[in-house]
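Visitor: Mind looking at a prediction? Sequence and model below.
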Amino acid sequence: MLPRGKPVRCDGYENYSFVIPRHQRRDVFLSDQDVTDKVFRYDFARLGCPFTLLKNEPFKPIIDLYDGETFIKEVRANYILWEQHGRTEYTYSTTMKQAGCISEAQRWEKMVKSVQVEEKDSAWSKLNYRSCFEEPANNSSPNVDLNQPYEILNSSISSSQILWNDVGIFVFTLKVVDPEFSFCNLTVEIAVQVNAVRGLMEEIPTFVVLGSSSLIIIIMVVSAYYTLFRCVD
């Protein structure tokens, strides 16, 4: 699987490192002794170039399925994303209620805490995926909160998207959880560089410089024209 539209050229990421403050990482990824900020090295050999987005740009990757270098089809099945370093500065655009759930949908952090596995990556997969559009088998949670974020994505227009609460590097693992799509364990890694949105006051100096430069050029052209005209006379 490959994310569609991924940049193939970029500068500055071959030997790049970034810091994630401790308070910006989910507790489910932390040990009791993990109380400091962490420095992470960007693995360019593995991740390649990141997608580059502004903080106000939502994100939902389109994934294509390949057999070697041969394109097969677009992946339209349900998939999930989790941030490998446990970053918390993103959310989802759709709630369970907005998605049309009639029971509580599965969520990454809850799955990790409820399933006893050595590798967190194995906590949620097509083997234990459950649709929220069906009544739960035991009907044990009549008062579920459907205003929670809906963390299952797909290629439909109404699907959830990722919304950013902060800037920086995010490294996601994407996994297809639809059990009917494939017998294979389909995953792909995606890096995203989120940049700040420049405000109007930040843009004003640029406008001033460009405007001043244009005005000077116009004055010089007009002056040259009149000087030439006077010489001809």
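Guide: Here it is on my side, so go on. Numbers count the residues shown, from 1 in each chain.
Visitor: What separation do you get for the residue most central in space within the chain and residue 187?
Guide: Residue closest to the mean C-alpha point of the chain, counted by Cα atoms, centre = their mean, is residue 59 at 5.1 Å. Residue 59 sits 18 Å away from residue 187, taking Cβ to Cβ, to the nearest Å as the criterion. Where you see a C-beta, it was placed from the backbone N, CA and C, and this is true even at glycine.
Visitor: same check, this time on residue 143
Guide: 35 Å.
Visitor: who has more neighbours, the two?
Guide: Remark: of residue 143 and residue 187, residue 187 carries more neighbours, 13 against 5, as counted by other Cβ atoms under 10 Å.
Visitor: Setting aside sequence neighbours, what's the nearest residue to the more buried one?
Guide: residue 175 (4.7 Å; Cβ to Cβ, 6 or more residues apart in numbering).
Visitor: before we move on, what about residue 25?
Guide: Per Cβ to Cβ, 6+ apart, closest to residue 25 is residue 86, 4.1 Å.
Visitor: thought that neighbour was touching residue 23?
Guide: No. Residue 86 lies out of contact with residue 23 (Cβ atoms under 8 Å); the separation is 11.3 Å.
Visitor: more neighbours, these two?
Guide: It is residue 86, of residue 86 and residue 23, that has more neighbours when counted by other Cβ under 10 Å, with 18 against 8.
Visitor: check contacts around that one.
Guide: Residues near residue 86 by Cβ atoms under 8 Å, 6 or more residues apart in numbering: 25-26, 28-30.
Visitor: among those, which two are most distant?
Guide: 25 and 28 (9.2 Å; Cβ to Cβ).
Visitor: Counting neighbours, go ahead and name the busier of these two.
Guide: residue 25 (19 against 15).
Visitor: How about the contacts made by the residue nearest to the centre of the chain?
Guide: 51, 53, 161-162, 164, 192.
Visitor: Give me the buried subset of these.
Guide: Those of those that meet the buried threshold are 51, 53, 162, 164, 192, by 16 or more other Cβ atoms under 10 Å.
Visitor: coming back round to it: could you dump the contacts of residue 59 into JSON lines and include secondary structure?
Guide: What follows is the contacts of residue 59, written out as JSON lines (DSSP: H, G, I helix; E, B strand; the rest coil):
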{"residue": "51", "secondary structure": "strand"}
{"residue": "53", "secondary structure": "strand"}
{"residue": "161", "secondary structure": "coil"}
{"residue": "162", "secondary structure": "strand"}
{"residue": "164", "secondary structure": "strand"}
{"residue": "192", "secondary structure": "strand"}
